[in-house]
Each structure stands twice: as C-alpha cells, then as structure tokens.
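> One predicted model, sequence on top.
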Amino acid sequence: MAPPPSPHEFQSPPEERLELAGRARCLGFADRRLRLLPRAPQVEERRQHVLIESGKSRGGASEDAVPSRRGRGTTLPTSKPIIGAVNGVAVTGGLELALNCDFLIVSERARFADTHARVGVHPLWGLTVLLPQAVGIRRAREMSATGNFVDARTALEWGLVNHVVAHDELLPTARRLAADIVSSDQRAVRAILATYEEASRVPGGEAWDVEARAASEFQRGGVDPDDIERRRQGVVDRGRSQV
C-alpha cells in the first residue's frame, strides 16, 4: 500500500484541491498517484477523485489563531475542512481516504468496499477506527470480513456518506457546500472540527471535558461581541431563506 501523503501537502492554499487519480476506480495502492492541482482542473469523466475544498481566514483571524492540524494520525493531517467527492468505486486504501474526509458527497454511481482481507493486507490509514464510527461496528465487521460492495444508496442509509446526487451534480454540490463552509467563521470552524476530532478519541464522559476546555481556549483567543451580533443577524436572515 502506498505511504500516506506528507502533512504539508494538506496545508495548501484554498484554491488547490487534491485529486486521487486512477482510471475508473480508486484502489489506494502504489499504482495510484496523489497530486495537487490548480483551481478548475480538467478532470476526465471516468476518473475517481477526492475533492478538497478549504475555507479562507475571515475577520482578520490569523492562521496561528486556529489549530495547525487536526492530526488524524493517518492520511489527511490538516486543520482545513475536507469534502470528499466520490464519483466511482472506492475500495481498500481508497475507502480509507474517503473515510478520512470530514464528510462525503457521492455520485449515484459510487460503490464502496473494504477489500483488505481479500487482498491479504491490513488497514493502516484508520479504517478500523473510522469505518465503525460511520456505519457501526457490526456493519464494519461485515464489510471487512466479506469484502462485499455497498452501493451509493446503501452507503447513505448506513451513514457512510452524507449525500447521494446525480453524477453530473457531484462537483457542483460539493462546491456549494464548500462555499457554505467558507461563509462561516473559519477560526470557529477549525476549532469545532478539532474538538470533534479530540472528543472522538476519549470515552463519552471525558468528551464533555474536551469541549469545555476547547471552549475556554477559544474564548481566550478573543471574541468580538459586535462581530457575534452581526453574524447572529446573518444566521437569522440565512435561515429564513433556507426554510
């Protein structure tokens, strides 16, 4: 299995994306290439790729004011929100890459399988942690033991993915969600995602302490009441337009 990308690759500017290039399917092995592409790349129709959309700092918040990385400890160490856009088959290491994203938007053509046992290798990018978090331990065990494929609709029902969309709407949908993320306060987004990450590694009772500590640290970083009031009104107006 190919080694994970280096951390600096995921601290790229917002206008860059990560593409996992492989014709027709993503296996996650050494014959697949990871590379950074400029904005609006021309991607072949049958390529499987994972899209990374990142938020820009807003309100003058510096990069030092937010966690430099969430430290998943596997393939995608970054403080930036990661949207995975899956348009085909993601198995073995490809499934692990998808699981390391913050959430997944997939085409109706997407398929998923854990084929580590069928290939004869052991996961090392977090599958045995992240897959049961997404679908539950019993379904995770079934996927790993059988290597059976799961279609997009089943993946949605199981909680493996967030949205299933028409194939042609995959990237537009992912970019719309990325724009929603960018319109939020980036310091808060990164701090909240870091709290989710840390809380997921401790027992339930301790997770409350993780959040309390994170909130205290966030407050010490500076909170502008006028800015909060402006944002609160923006939330009200946005909610009226969405409901």
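Thanks, I have the structure now.
> pLDDT score for Leu37?
Turning to Leu37, the model gives it a pLDDT of 34.
> ditto for the one 4 residues further on
What the model reports as pLDDT for Pro41 is 34.
> One more: Asp185?
The model reports Asp185 with a pLDDT of 89.
> I'd like to know how many residues surround it.
Using other CB atoms under 10 Å, Asp185 has 17 neighbouring residues. C-beta coordinates here come from the backbone N, C-alpha and C atoms, glycine included.
> Ok, the one 5 residues further on next?
Neighbour count of Arg190, defined by other CB under 10 Å: 24.
> wait, it sits on Ser79?
Yes: between Arg190 and Ser79 a contact is recorded at 4.7 Å, counting by CB atoms under 8 Å.
> Can you pull out the low-pLDDT segments for the chain?
Applying pLDDT under 70 to the chain picks out residues 1-77, 243.
> cutoff 80 now
Within the chain, the ranges that satisfy pLDDT under 80 run 1-79, 223-224, 226, 229, 231-234, 237-238, 240-243.
> Helices of that one, start to end?
For the chain, the helices defined by DSSP state H cover 93-99, 116-119, 127-135, 137-146, 152-158, 170-182, 186-199, 204-220, 225-242.
> Report the buried residues of the shortest one.
In terms of neighbour count (16 or more other CB atoms under 10 Å), helix 116-119 has its buried residues at His116.
> which helices and strands sit right next to that helix?
Contacts defined by 3 or more CB pairs under 8 Å, 6 or more residues apart in numbering; DSSP states H and E place helix 116-119 against helix 137-146.
> Can you list the helices and strands that the helix it packs on packs against?
helix 116-119, helix 127-135.
> Could you export the shortest one as CSV, CA atoms only?
Extracted C-alpha coordinates of helix 116-119, given in CSV (Å, rounded to 0.1, in the frame of the first residue of the first chain):
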residue,chain,number,x,y,z
HIS,A,116,-8.1,-5.6,2.7
ALA,A,117,-8.8,-9.1,3.7
ARG,A,118,-9.4,-10.3,0.2
VAL,A,119,-6.2,-8.7,-1.0
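> which other residues reach it?
Residues outside helix 116-119 that contact it (CB atoms under 8 Å, 6 or more residues apart in numbering): 92, 122-123, 127, 144-145, 147.
> now with 7 Å?
With CB atoms under 7 Å, 6 or more residues apart in numbering as the test, helix 116-119 has contacts from 92, 122-123, 144-145, 147.
> which of the helices of the chain is buried the deepest?
Most buried of these by mean neighbour count (mean count of other CB atoms under 10 Å) is helix 93-99; its value is a mean of 27.
> That one - contacts with which helices or strands?
Packing contacts for helix 93-99, counted by 3 or more CB pairs under 7 Å, 6 or more residues apart in numbering; DSSP states H and E, involve helix 127-135.
> now the angle from the helix it packs on to helix 137-146?
130 degrees (axes from the mean of the first three to the mean of the last three CA atoms, to 10 degrees).
> Run through who's touching helix 127-135.
Outside helix 127-135, the residues within contact range by CB under 7 Å, 6+ apart are 95-96, 99-100, 114, 140, 143, 158-160, 200.
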